[in-house]
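# Sequence below, structure please.
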Amino acid sequence: MVVVTLQRKKCIGCNYCVELAPKQFQMSKKDGKCVLLQATEKKGFFTIKSHDHSLYEPNKQAQLACPVKIITTKLV
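Reported below is the predicted structural model:
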């Protein structure tokens, strides 16, 4: 299972995540921060869990590119 987590409050709106993983991320027109699509929120952390292993690589690239290190991608 692929687990992707985002700390949205710390987002600076650089757009790297959207460029690298457009199926999971988009920019909010309201506040200019990224949104993790179809995520559930708990205490400021937005998380998606998927059995689609093809999601791992683009989200891992987004994690590595994020300048504020607010994205985590794990295989569990």
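# phi, psi of the residue of the chain most remote from its centre?
Residue farthest from the centre of the chain, counting by C-alpha atoms, centre = their mean, is residue 30 at 17.6 Å. Here is the backbone geometry of residue 30 (degrees, to the nearest 10): phi -70, psi -50.
# With residue 36 instead?
Torsion angles, degrees, to the nearest 10, at residue 36: phi -90, psi 110.
# count of residues packed around it?
23 (other C-beta atoms under 10 Å). Backbone N, C-alpha and C define where each C-beta goes, glycine included.
# shouldn't it be in contact with residue 25?
Yes: using C-beta atoms under 8 Å, residue 36 is in contact with residue 25, at 6.2 Å.
# so is residue 13 in a helix, a strand, or just coil?
Secondary structure for residue 13, judged by DSSP: H, G, I helix; E, B strand; the rest coil, is coil.
# So it is in contact with residue 33, correct?
Yes: counting by C-beta under 8 Å, residue 33 is a contact partner of residue 13 at 5.5 Å.
# Which neighbours do those two have in common?
Here residue 13 and residue 33 share the contacting residues residue 27, scored by C-beta atoms under 8 Å, 6 or more residues apart in numbering.
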